[in-house]
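Engineer: predicted model and sequence follow; I will ask about them next.
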Amino acid sequence: MTGARALMRVAATILLWLSVLVGPTAAQDTADGDTAPAARTSAVVLIYHRFGEDEFPSTSVTMDQFESHIAELAKSDYRVLPLERIVDALIAGEELPDRAVAITVDDAFSSFYERAWPLLRDAGLPATLFVATDAVDRNTNGYMTWDQIREVAQAGITIGSQAVTHPHMPEVGAERWRRELTGSMDRLAEELGTAPDLFAYPYGEASLEIMEATQAAGYRAAFGQHSGALNETNNRFYLPRYPINVNYGGMDRFRRLLNSIPLRIDGLSPRNPTLPRVGEGNPPAFGFTLMDGMDRIDDLACYHSDTSQISQFLVMGSRIEVRFDGPFASGRTRINCTMPGDDGRWHWFGMQYYVPTP
């Protein structure tokens, strides 16, 4: 690819990503695609943290936003399901209804109990609450109490684990992983009478070794914080969820996420979401192979959270390769790849990579 062509591809990537955020153009609305088969085996999982806590815009939504989200989800277009039902279908290889959606909430902040839970209850919408047990045990200000967690659990909210102390998991060793994974499971079982079998990685950070430890601890599935519609081709111990906050909680984008469908891929590289700090493997040789039916390759684009780093976008048959100018910095970075489908819907695959701090 020539330098000019590479720049054109990067520009197209940015424009396509912006269109994902603000909604499709008229031409994209009428695009032909193969949406129906993929939509039948997919689901969208949303992740919230705080509600109406304006001092935390990166992790909170306004109550006006959340009320609008609830009203949209209550429409007959969507099937809001308990998260465990979606996991059951993935494990069993069963079909899911078109536009299946699950609502998840991380951290068990008190604003969930005080503001979000009453709206979900009145609308009859299921949700999953992921709890880091240490903050609750310490009666930390701004977090739910065990009595409140028991109340919502008895009313039908699924309770999952988010470790004991909510650490950056790739920064701690294997012995600590096991304590975090099993300690939170045991503590939740002690308080609620039932051990959780769903896990959410704190900050969405994991590695292949942490995923193996999560499975070994007895969890059936685990979730990150990377965007994309989940399906049976995903790693069941690193499933995607769409983060929602003030800046990314507008209704145009919200509807776009709810109607997204999987970008079905194979041969992802690198598979490990934790990268080395420096040297071979950072920057990663990111790539994947599009599966059968994903045939609008000319319309596919990938976006990196540090746009300036994209140097090449290579298409070799059904194989897509993305190259970067330099190594990823410490912390989290995200790559999103999208391709238009039918009826204005978008195929979407995302990955979060993490580089440990020095």
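Structural biologist: All right, it came through fine.

Engineer: sec struct for residue 141, please.
Structural biologist: coil (DSSP: H, G, I helix; E, B strand; the rest coil).

Engineer: quick check: it vs residue 237, distance?
Structural biologist: 33 Å (C-beta to C-beta, to the nearest Å). All C-beta spots, glycine's among them, are computed from the backbone N, C-alpha and C.

Engineer: more neighbours, these two?
Structural biologist: Neighbours per residue (other C-beta atoms under 10 Å) separate residue 141 from residue 237, with residue 237 holding more: 21 against 7.

Engineer: what sits against the residue nearest to the more buried one when sequence neighbours are not counted?
Structural biologist: Among residues not flanking residue 237 along the chain, residue 211 sits closest, at 4.0 Å (C-beta to C-beta, 6 or more residues apart in numbering). Counting by C-beta atoms under 8 Å, 6 or more residues apart in numbering, residue 211 touches 222, 235, 237, 238.

Engineer: among the residues you listed, show me the least confident.
Structural biologist: The weakest per-residue confidence within those falls on residue 235 (95).

Engineer: for it, which non-adjacent residue is closest in space?
Structural biologist: In space, residue 235 is closest to residue 211, 6.8 Å off (C-beta to C-beta, 6+ apart).

Engineer: with residue 168 instead?
Structural biologist: Nearest to residue 168 is residue 205, by C-beta to C-beta, 6+ apart, at 5.7 Å.

Engineer: what's around the one you found, how many residues?
Structural biologist: Neighbours of residue 205 (other C-beta under 10 Å): 22.

Engineer: what's the answer for residue 251, then?
Structural biologist: Residue 251, neighbours per other C-beta under 10 Å, totals 13.

Engineer: before we move on, the earlier item: let me know the pLDDT of the residue nearest to residue 235.
Structural biologist: Looking at residue 211, its pLDDT is 98.

Engineer: helix, strand, or coil at it?
Structural biologist: From three-state DSSP, the assignment for residue 211 is helix.

Engineer: picking that back up, which of the contacts of residue 211 fall in helices?
Structural biologist: Among the contacts of residue 211, DSSP state H puts none in helices.

Engineer: how about the residues you listed in JSON lines, adding distance to residue 324?
Structural biologist: Listed next are those as JSON lines, based on distance: C-beta to C-beta, whole Å:
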{"residue": "222", "distance to residue 324": "27"}
{"residue": "235", "distance to residue 324": "23"}
{"residue": "237", "distance to residue 324": "26"}
{"residue": "238", "distance to residue 324": "21"}
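
Engineer: report the two of the residues you listed separated the most.
Structural biologist: Taking C-beta to C-beta as the measure, the contacts of residue 211 span a maximum distance of 9.0 Å, between 222 and 235.

Engineer: break down the stretch 51-200 of the chain into its strands, ranges please.
Structural biologist: 60-61, 79-80, 100-106, 128-131, 158-161, 198-200 (DSSP state E, counting those that start in this stretch).

Engineer: make a markdown table out of these and add distance to residue 49 and mean neighbour count.
Structural biologist: Supplementary listing: the strands of the stretch 51-200 of the chain in a markdown table, determined by distance: least, C-beta to C-beta, whole Å; neighbours: other C-beta atoms under 10 Å:
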| stretch | distance to residue 49 | mean neighbour count |
| --- | --- | --- |
| strand 60-61 | 7 | 25 |
| strand 79-80 | 19 | 18 |
| strand 100-106 | 5 | 25 |
| strand 128-131 | 10 | 26 |
| strand 158-161 | 14 | 24 |
| strand 198-200 | 11 | 26 |
